[in-house]
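1. Would you be able to build a 3D model of this:
(6 chains)
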Number of protein chains: 6
Amino acid sequence: MGKKVAVFRKEHFNAAHRLYNPAWDMQKNDAVFGKCNNPSFHGHNYELIIKVVGEPDPATGFVMDMKVLSNLLKLHVIERLDHKNLNLDTGLFADKNPTAENICIVIYEIMRPLIDPGFQIQVRLYETERNFVEYPVEPT
Amino acid sequence: MGKKVAVFRKEHFNAAHRLYNPAWDMQKNDAVFGKCNNPSFHGHNYELIIKVVGEPDPATGFVMDMKVLSNLLKLHVIERLDHKNLNLDTGLFADKNPTAENICIVIYEIMRPLIDPGFQIQVRLYETERNFVEYPVEPT
Amino acid sequence: MGKKVAVFRKEHFNAAHRLYNPAWDMQKNDAVFGKCNNPSFHGHNYELIIKVVGEPDPATGFVMDMKVLSNLLKLHVIERLDHKNLNLDTGLFADKNPTAENICIVIYEIMRPLIDPGFQIQVRLYETERNFVEYPVEPT
Amino acid sequence: MGKKVAVFRKEHFNAAHRLYNPAWDMQKNDAVFGKCNNPSFHGHNYELIIKVVGEPDPATGFVMDMKVLSNLLKLHVIERLDHKNLNLDTGLFADKNPTAENICIVIYEIMRPLIDPGFQIQVRLYETERNFVEYPVEPT
Amino acid sequence: MGKKVAVFRKEHFNAAHRLYNPAWDMQKNDAVFGKCNNPSFHGHNYELIIKVVGEPDPATGFVMDMKVLSNLLKLHVIERLDHKNLNLDTGLFADKNPTAENICIVIYEIMRPLIDPGFQIQVRLYETERNFVEYPVEPT
Amino acid sequence: MGKKVAVFRKEHFNAAHRLYNPAWDMQKNDAVFGKCNNPSFHGHNYELIIKVVGEPDPATGFVMDMKVLSNLLKLHVIERLDHKNLNLDTGLFADKNPTAENICIVIYEIMRPLIDPGFQIQVRLYETERNFVEYPVEPT
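-> Purely as a prediction, here's the structure:
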């Protein structure tokens, strides 16, 4: 039986966003989201790490070619999020806030169908060096 | 059913410490702890990362407000350890060495009761860029 | 005669911006600014380093108290730029693009009158880890 | 019962390598490995992190003395890989490519017998800041 | 009169090299270059930062478009050095060692004619996080 | 005529210190130095970078062998400061505070006589990632 290895690829994108709940008034949004509720938006340099778990192919020694993984991320995630306003431009956060948590889930849901189902995946997203998230908790 | 996400918050503190076992003589302490047994202490810039695992609140998209988490860490951990002598000033290491392992356990035990019991937590502590620890091994 | 030392303090802020020239049509703006001309903005985690050059005070060993320098930056720069839309919210880029170059000059011009004229200063601004700027070229 | 803590130690080495499959012709090797198939080799600064999981010794507060762990890594791993050509000099990749995946497995297999069997271990290897791997998936 | 700003762009490449002087015997080469004299080569992840000093264009706010600068580096430097053996593949080190010092001078000499002569430039090259060089000492 | 190149070597040490002026009472010391005046000390992971400016030797391509430079730093600086209490153990701060400014000057004064007088040197010292200093302002 083969040996499972986790491989990781890091990419980045820059985006604007605003956190608020349209069901709440401005006062409650300010109380909950503070400066993140700026109606004219603010932004971040996001760092994205995808983890892919599988057995290396004996012919190559690769679980998955990092160039292929990088290109999938660039085409399906970076292209849609980089230099975008996450609230207005992406069509991905119509019904939810573009928090790090929700961006991370969205990226996972974009990538999961694109990766061999025999491989488990997990996504980590850095909003800043000091705030980051991971989804799912166990790679799936 | 909701989707569990792990969120991470990083803080730092600077402290002095000394590693030694009072039940041993100086020679044995030097043999075991080397330069870390300096009786006049040395110190570190510690980096602390807390991981909190739970389901994002649909109203906010947050597992937990990072400002709340950051403030809990500042009030209960950083305030007690920053710019302190871990052996002499904190009352937390009377019966044990302030090794990275023990500091990490102490921080976990301070934080665990302060976080919603529905959320699992884990603490990672960097003593230097090259030496770091994590407790517990599985978030609890 | 005393010995001049350079001291550096690093702070950060997150902001949204858009690069475009209102005197040009959309086509020319796209050609020149590419994705940075997104009308709904994008954003960055900016890292800001201020350098202050002077002689340490023999009574303290400080060129300048880093807490004082940090507080000046927080009050006069971070407070005005953090979680803001640089184009719309700040009143600082009415007649010029919020490029890294111009943001850096603006920060220098805010800070220069706040620092002892006997000290030379210089500002470095990271827009991303790979793109950064410094102004003035020689500290003044 | 004791409390399990994970401790981590980071080391680095610099090495040259080439990725190719001798059973394939140059054209297929180029198609699969691209620039990594350069017959005169290229190289990397590898960063290596070993994770050791166990209960801290109450007499020391250490799971394992980091100097001992560092010395084991230096003697058995760094000495064999640093400033070496992984394909030609090490005798470790005669029948497989020195991909990050395979280097990581090799390092694990060198280190596993050298660490107390009561401790679980795991190895993470950074080939670049953006490409890294971990083996085994669960510490063993 | 305009205001001079320094802009910086960071790129990276991975390469193999060997340090030795063909006029010396193996024993002297080993004494001088140690492990860097490995005849089958070793390698590094090089980080390259170019500094360009000039006045921002009032129409754009740019000293120089970072995408243009990045593309010049990729076309003329990265393409020639990345995933290469610096001694054997590049034709740039026929008569000198590919030390960080010499690589840095070579990169400067490639880039200087490609940048507007009204702009001063300087190159910094990281061979590892702990060893790096800069040329020329004053931007020219 | 040769070409001057700047070479940089980074080392680190961990130390404890206290900032206070013995000519002042505790109240004034607290007002000026805040938490840094803790009588039982606190500490830091210091990062030290030395810059040496000279012409590469045509026979080696080195301004100065980095191993030699690293060994000089280890023997004369790291050995005296690492895992030490800067106030009590070093004999270097009897008449002045171990501020980053003063530590940096002390390191320069230790190193200057040890380096070829034909080479200019400069020292940068990081007390934390956010507070650092450089001396002298121009390499000498």
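
2. any idea how far chain F is from the residue of chain A found nearest chain D?
-> The minimum distance from chain A to chain D, using Cβ to the nearest Cβ, falls at residue A:61 (3.6 Å). For the C-beta atoms, the positions are set from N, CA and C on the backbone; glycine is no exception. Residue A:61 sits 33 Å away from chain F, taking Cβ to the nearest Cβ, to the nearest Å as the criterion.

3. Am I right that that residue sits in a helix?
-> No: per DSSP: H, G, I helix; E, B strand; the rest coil, residue A:61 lies outside any helix segment and is coil.

4. Isn't it up against residue D:95?
-> No: using Cβ atoms under 8 Å, residue A:61 makes no contact with residue D:95, being 10.5 Å away.

5. Counting neighbours, go ahead and name the busier of these two.
-> Neighbour comparison, residue A:61 and residue D:95: the larger count goes to residue A:61, with 21 against 8 (by other Cβ atoms under 10 Å in any protein chain shown).

6. Can you list phi and psi of that one for me?
-> When read as degrees, to the nearest 10, the backbone of residue A:61 gives phi 80, psi 10.

7. now chain A, which segments are flagged as low pLDDT?
-> Counting by pLDDT under 70, chain A shows low-confidence ranges at A:1.

8. Can you show me the strands along it?
-> Taking DSSP state E as the criterion, chain A contains strands spanning A:5-17, A:42-54, A:84-85, A:120-126, A:131-135.

9. For chain E, which of these is the nearest?
-> Here strand A:5-17 is closest among the strands of chain A (Cβ to the nearest Cβ), at 12.6 Å.

10. residues in chain A within reach of chain C, list them.
-> Applying Cβ under 8 Å from any Cβ of the partner chain, we find that chain A lies next to chain C at A:12, A:14-17, A:35-36, A:38, A:40-45, A:82-85, A:88-89, A:128-129.

11. Quick check: buried residues in stretch A:82-98?
-> Neighbour-count burial for stretch A:82-98 flags A:82-90, A:92-93, A:96-98 (criterion: 16 or more other Cβ atoms under 10 Å in any protein chain shown).

12. Most widely separated two among these?
-> A:83 and A:96 (21.4 Å; Cβ to Cβ).

13. residues touching the closest residue to chain C within chain A, list them.
-> Of all residues in chain A, the one sitting closest to chain C is residue A:43 (0.7 Å; Cβ to the nearest Cβ). By Cβ atoms under 8 Å, 6 or more residues apart in numbering or on different chains, the contact list for residue A:43 reads A:14-17, C:14-17, C:41-44.

14. how does it look with 7 Å?
-> If a contact means Cβ atoms under 7 Å, 6 or more residues apart in numbering or on different chains, then residue A:43 has A:14-17, C:14-16, C:41-44 as its contacts.

15. can you redo those residues as CSV with distance to residue A:108?
-> As requested, those are exported to CSV (distance: Cβ to Cβ, whole Å):
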residue, distance to residue A:108
A:14, 20
A:15, 17
A:16, 22
A:17, 18
C:14, 24
C:15, 28
C:16, 25
C:41, 26
C:42, 22
C:43, 22
C:44, 24
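
16. and which of those residues is nearest to residue B:68?
-> If you rank the contacts of residue A:43 by distance to residue B:68 using Cβ to Cβ, residue C:14 comes first, at 18.6 Å.

17. Assess the claim that the residue of chain A closest to chain D and residue D:102 are in contact.
-> Yes: applying Cβ atoms under 7 Å as the test, residue A:61 and residue D:102 come out as touching, 4.7 Å apart.

18. which neighbours do these two share?
-> In terms of Cβ under 7 Å, 6+ apart, residue A:61 and residue D:102 are both contacted by the residues residue D:96.

19. Next one: the helix ranked longest in chain A, is it in contact with chain B?
-> Assignment by DSSP state H gives helix A:100-111 as the longest helix of chain A. Yes: applying Cβ under 7 Å from any Cβ of the partner chain, one finds that helix A:100-111 is in contact with chain B at A:101-102, A:104-105.

20. Tell me the one among the residues you listed nearest to chain F.
-> Out of those, the member with the shortest distance to chain F (by Cβ to the nearest Cβ) is residue A:104, at 25.6 Å.

21. ok, the closest one - how many residues close by?
-> 27.

22. Correct me if wrong: it contacts residue A:125.
-> Yes: the pair residue A:104 / residue A:125 is scored as a contact, 4.3 Å apart, by Cβ under 7 Å.

23. Need the overlap of contacts for these two.
-> Residues touching both residue A:104 and residue A:125 (Cβ under 7 Å, 6+ apart) are residue A:133.

24. what does chain A put close to chain B?
-> A:21, A:32, A:34, A:96-97, A:99, A:101-102, A:104-105, A:129-137.

25. again, only using 8 Å
-> Residues of chain A found near chain B, taking Cβ under 8 Å from any Cβ as the criterion, are A:19, A:21, A:23, A:32-34, A:96-102, A:104-105, A:129-137.

26. residues contacting the residue of chain A closest to chain D?
-> By Cβ under 8 Å, 6+ apart, the residues touching residue A:61 are D:19, D:96-99, D:101-102.
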